[in-house]
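Enquirer: Provided below for reference: sequence and predicted model.
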Amino acid sequence: MKSKLLLHACCAPCSIYVLQKLSADYEVTIYFYDPNIHPKLEYNKRRDELKKYATKLQLDFVEGPYDSARWLERTKGLENEPERGQRCEICFDIRLAESARYAKENDFDYWTTVLSISPHKDHKQINRVGQRIADIVGLPFITADWKKNDGFKIANQLSKQENFYRQDYCGCIYSKNNKSV
């Protein structure tokens, strides 16, 4: 019997390669918790695309609450932070803490995130936040740099084959306005 793993995911294009890798060894449940994604229409597009793909793979899909007001409050004053800066750290903390809480409360054996697939994100920053939260909740976090070994390139190829909707910014309103990612 495979161990149960909760996979925090932000969109289908970032998830496809990671799901391929993890599904071989784990019973994966996708957890879509992304209050950073703005506007709500964009959030819905990403959620619906990922949910459709989860259904195709016959994987469980759970949507966390869309609490954008909390996200905006926690990132207030950091609107002009660069990518990989303090705003991203707080964003990762919000999303990964909620993912870990859900995983712990629902008896998962492990948890992780797809976020390190992006070449615009710092895998060390993401893994540091994830490991810190794992130590607090007492549930192992699988650290990874999913973009290595052509992970991002493969994810892009697979996404094109699936004809996924693909966004042109990380999700937060500040990256949309700056088009930094």
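Expert: Looks like it arrived, so ask away.
Enquirer: any stretches of the chain with poor pLDDT?
Expert: Residues of the chain that meet the criterion pLDDT under 70 lie in 176-181.
Enquirer: so where do the strands sit in the protein?
Expert: For the chain, the strands defined by DSSP state E occupy 3-8, 26-32, 60-63, 110-113.
Enquirer: parallel or antiparallel, list what pairs with the longest one.
Expert: Taking DSSP bridges as the criterion, strand 26-32 forms sheet pairs with strand 3-8 (parallel), strand 60-63 (parallel).
Enquirer: how far is that strand from where the chain is centred?
Expert: Distance, stretch centre to chain centre, for strand 26-32: 11 Å (Cα atoms, centre = their mean, to the nearest Å).
Enquirer: cool, the first one as well?
Expert: Here the centre of mass of C-alpha atoms in strand 3-8, compared against the chain's by Cα atoms, centre = their mean, lies 12 Å away.
Enquirer: buried ones in the longest helix along the chain?
Expert: In the chain, assigned by DSSP state H, the helix with the most residues is helix 86-105. Of the residues in helix 86-105, those scored as buried under the neighbour-count criterion (16 or more other Cβ atoms under 10 Å) are 87-92, 94-104. For the C-beta atoms, the positions are set from N, CA and C on the backbone; glycine is no exception.
Enquirer: stretch 114-128 too?
Expert: For stretch 114-128, by 16+ other Cβ under 10 Å, it's 114-118, 121-123, 125-127.
Enquirer: okay, those in CSV with distance to Lys51 next?
Expert: Written out in CSV, the entries for those read as follows (distance: Cβ to Cβ, whole Å):
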residue, distance to Lys51
Val114, 15
Leu115, 19
Ser116, 22
Ile117, 19
Ser118, 20
Lys121, 23
Asp122, 28
His123, 26
Gln125, 28
Ile126, 23
Asn127, 26
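Enquirer: closest one of these to Ala69?
Expert: Using Cβ to Cβ, Leu115 is the member of those that lies nearest Ala69, at 22.0 Å.
Enquirer: Lys52 is nearest to which of the strands paired with strand 26-32?
Expert: Distances from Lys52 to each of these were compared using Cβ to Cβ; the minimum, 9.3 Å, belongs to strand 60-63.
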